[in-house]
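**Student:** here are the coordinates; sequence isn't available:
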């Protein structure tokens, strides 16, 4: 029988049950229920979690108040297998709050400040202190934000980074972020969008910037999708523009979204009784069943069905209120609820399918494996959809996944969420085997945090808040690069950053500013408006005459009906009262005759030329919980 007989290091996360600061001893109980006893030595250092843009804050002088029962902390240290026991000596303590039940990320501005820092990191990295010019954008960024030699501009990462800029503007009102979002959207529309098929818009995989000019790549260069038009790339091409549309109401963005949805309906949609959306089409005939697609021929998957909602469709509905978008959302979630739950005894959903919805357990790297983040993402988005069109089956599946995932996808000793695992246990196994490694990706932590935040906010179950806190504590303790900026792609199981290969980078095919700032935006919304009951300000800059009936829709997300209201509105810094607090809409000053009061006064006083006439309005909306903080 193998027995560990050498020192090894690891991290323990959990709640202090017993501590004696005079002796330097403590006992900690992990989220999984295991208790470890440890010791603080003369070489131990401790700190408080600090945000991007913040500074190291030493915690060692506060141990008397911190090392008390109920405090959640991380202890990284060394195990010494001696005297029949693994003696643990802590080397590094990390506290996410300054008292039991105190978590820094539940403060009203935590996530807002983090979004601003990430957006600023992207501005500095992509435009290097110069004007915002997306011809200089590059997909691949090194750890410190420097650009790698490749001239590739992948559509998805441009769009996802634009999403980040737009979301940061919604939270902060910083005009630099909106300038970047609008210029990025225009770049996508003018350089990336293709309009040579009647009635539809489709999007290049990438532009390649070379010394000899720009080279267009329509088919994907990414290995899993090589040469095809994957649905998820067309889906995420809309992420940034639609989040920008929520701010500006630019009708050209809405038009492109409508025509991209027409692309999905004409070419990706299975119009037979089977339904759903195909995962890939060819670049020449737009055929999802062509043999040249190889292992992607006539396939359906999580991305082609489920990613519409979080990437753009929920935000498109929020911006327009149009019922056809709500219908599309409902169809998407009904399909997920009907097709994705496991029928083979696995605790994980099935993610890949053949044409007839038979499970595909042989595709590429996935085989019969699960991505824990997708199960969490389904739970999160089902709860969003339930606020729009409530159905018991949405809540049933969301809670089933939420209650199951901690047992099979969560690291219950160290905290955080694992990556890819085998969907089934092997003979004699009690743990689902991790397919490739035990590292943890930044985007999967996002799904866990948002899933349990919205579940707690909607259902008010203490266990969900606890899981949200534990997930957010791990993310904020280990994923924030507080030295260089931005967030790490992956960390090791113990929380230390993994900095090899593609995972060393801050920009890649997989990573822009989408998941990190989406997390900030929605974590702020769910925490403040649903859980801690704090008001929030949101910023818009609609183009005069751009929105139908001059109605600006300001709901921050799909939240339970009646849970929030508009408390106040200002336009160009002046109080404004023409809004519907419960409907979460603002009736903008009429575009007819440029009748915005301030503009009329300026025109009467100075006879402004047309180029000086204001074409947009700066709107700040305070949204408050209907039930205030106690």
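**Tutor:** Here it is on my side, so go on. In this text, all values refer to a predicted model and were calculated from it rather than measured experimentally.
**Student:** now do stretch 91-99: everything it contacts.
**Tutor:** Residues outside stretch 91-99 that contact it (Cβ atoms under 8 Å, 6 or more residues apart in numbering): 9, 40-41, 43-49, 59, 62, 65-66, 71-78, 103-105, 469, 472-473, 476-477. To be clear about C-beta, it is placed using only N, CA and C from the backbone, and glycine gets the same treatment.
**Student:** any stretches of this structure with poor pLDDT?
**Tutor:** 1, 591-614, 628-630 (pLDDT under 70).
**Student:** residue closest to the middle of it?
**Tutor:** Residue closest to the average C-alpha location in the chain (Cα atoms, centre = their mean): residue 515, at 3.2 Å.
**Student:** how about that one: what's its closest non-neighbour residue?
**Tutor:** Setting aside the residues directly before and after it, residue 515 is nearest to residue 443 in space (Cβ to Cβ, 6 or more residues apart in numbering), at 4.1 Å.
**Student:** element containing the one you found?
**Tutor:** In the assignment (DSSP states H and E), residue 443 maps to helix 442-459.
**Student:** chain center to that helix, what's the gap?
**Tutor:** 10 Å (Cα atoms, centre = their mean, to the nearest Å).
**Student:** returning to that earlier point: the contacts of stretch 91-99 in helices, which ones?
**Tutor:** Members of those lying in helices (criterion: DSSP state H): 65, 66, 469, 472, 473, 476, 477.
**Student:** so the third one sits against residue 100, correct?
**Tutor:** In other words, residue 469. No - between residue 469 and residue 100 there is no contact under Cβ atoms under 8 Å: 11.7 Å.
**Student:** so which residues of the stretch 251-400 of the chain form helices?
**Tutor:** 251-263, 302-306, 308, 314-320, 323-339, 372-388, 392-408 (DSSP state H, counting those that start in this stretch).
**Student:** if you count contacts, what does the second one end up packed against?
**Tutor:** Packed against helix 302-306 by the contact rule (3 or more Cβ pairs under 8 Å, 6 or more residues apart in numbering; DSSP states H and E) you find helix 231-236, helix 323-339, helix 372-388.
**Student:** with mean neighbour count and distance to residue 456 added, can I get those in TSV?
**Tutor:** Listed next are these as TSV, based on neighbours: other Cβ atoms under 10 Å; distance: least, Cβ to Cβ, whole Å:
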stretch	mean neighbour count	distance to residue 456
helix 231-236	24	28
helix 323-339	18	20
helix 372-388	24	10
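**Student:** pipe these into TSV and attach distance to residue 583 per row.
**Tutor:** Shown next, in TSV, are those (distance: least, Cβ to Cβ, whole Å):
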stretch	distance to residue 583
helix 231-236	29
helix 323-339	15
helix 372-388	14
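**Student:** and residue 621, which of these is closest to it?
**Tutor:** Nearest to residue 621 among the helices and strands packed on helix 302-306 is helix 372-388; the distance by Cβ to Cβ comes to 19.1 Å.
**Student:** who are the packing partners of the closest one?
**Tutor:** Packed next to helix 372-388, using 3+ Cβ pairs under 8 Å, 6+ apart, are helix 302-306, helix 314-320, helix 323-339, helix 392-408, helix 442-459.
**Student:** deepest of those, which one?
**Tutor:** Most buried of the helices and strands packed on helix 372-388, by mean neighbour count (mean count of other Cβ atoms under 10 Å): helix 442-459, with a mean of 26.
**Student:** ok, for residue 119, nearest residue in space, not its chain neighbours?
**Tutor:** Distances taken as Cβ to Cβ, 6+ apart put residue 168 closest to residue 119, at 3.8 Å, once the chain neighbours are dropped.
**Student:** quick one, the helix or strand hosting residue 124 and helix 442-459 angle?
**Tutor:** With elements taken from DSSP H and E, the one containing residue 124 is helix 110-127. When axes from the mean of the first three to the mean of the last three Cα atoms, to 10 degrees is applied, the directions of helix 110-127 and helix 442-459 differ by 150 degrees.
**Student:** other SSEs contacting helix 110-127?
**Tutor:** Helix 110-127 packs on helix 155-172, helix 175-187, helix 514-525, going by 3+ Cβ pairs under 8 Å, 6+ apart.
**Student:** among those, which is nearest residue 572?
**Tutor:** Closest to residue 572 of these is helix 175-187 (Cβ to Cβ; 13.2 Å).
**Student:** now do the closest one against helix 155-172, angle only.
**Tutor:** 150 degrees.
**Student:** what does helix 175-187 contact?
**Tutor:** For helix 175-187, contacts defined as Cβ under 8 Å, 6+ apart pick out 116, 119, 122-123, 132-135, 137, 158-159, 161-162, 165-166, 168-169, 240-241, 243-244, 247-248, 250, 253, 541.
**Student:** same question for stretch 16-27.
**Tutor:** By Cβ under 8 Å, 6+ apart, the list of residues contacting stretch 16-27 reads 28-29, 35-41, 63-64, 67-73, 75.
**Student:** and the residues you listed, which of them are buried?
**Tutor:** 28, 29, 36, 38, 40, 63, 67, 71, 72, 73, 75 (16 or more other Cβ atoms under 10 Å).
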